[in-house]
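Colleague: Below: sequence and its predicted model.
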Amino acid sequence: MTDPVQARLRAAETALQAARALLNQEIAGYPAPIAGCDAQFNHLLAQRQRVAKALGALRRDIFVPTPRTPDRFAGIESR
């Protein structure tokens with residue numbers, strides 16, 4: 001049986017990858033902008049950066065501090 005949380009994370013990652021591909025396609029087909037003057041082009045670049053950050057956040061391992069492991073370098077305590 002598949003974990004529903006993992007399934008949703010995979011679906012989110014797939015959707016973000018599709019959005020990134022669409023943005024890349026739109027940016028590649030965009031006429032040559034005048035540097036710093038084309039608000040629509042700059043918006044596409046900003047959206048692509050947001051998607052990249054969201055993908056990075058989905059793929060990154062999250063550290064949750066606990067009393068036995070107050071920081072990520074504390075190691076694993078066994079009792």
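Modeller: Ah, there it is. All values derive from a computational prediction rather than experimental measurement.
Colleague: Skipping adjacent residues, who's closest to Gln47 in space?
Modeller: Once flanking residues are discounted, Gln47 sits nearest to Leu23: 5.8 Å by Cβ to Cβ, 6 or more residues apart in numbering. To be clear about C-beta, it is placed using only N, CA and C from the backbone, and glycine gets the same treatment.
Colleague: Look up phi and psi at that neighbour.
Modeller: Leu23 has phi and psi values of phi -60, psi -40 when expressed as degrees, to the nearest 10.
Colleague: And it, what's its pLDDT?
Modeller: At Leu23, the predicted lDDT confidence score is 96.
Colleague: count of neighbours near it?
Modeller: 18 (other Cβ atoms under 10 Å).
Colleague: Val51 is in contact with that one, correct?
Modeller: Yes: assessed by Cβ atoms under 8 Å, Leu23 is found in contact with Val51 at 6.5 Å.
Colleague: shared neighbours of the two, anything?
Modeller: Shared contacts of Leu23 and Val51 (Cβ atoms under 8 Å, 6 or more residues apart in numbering): none.
Colleague: Where does pLDDT dip in this structure?
Modeller: Within the chain, the stretches with pLDDT under 70 are 1, 33-36, 76-79.
Colleague: From Gln40, how far off is Ala57?
Modeller: Applying Cβ to Cβ, to the nearest Å, the value for Ala57 to Gln40 is 26 Å.
Colleague: actually Ala12, not the one I typed
Modeller: For Ala12 relative to Gln40 (Cβ to Cβ), the value is 27 Å.
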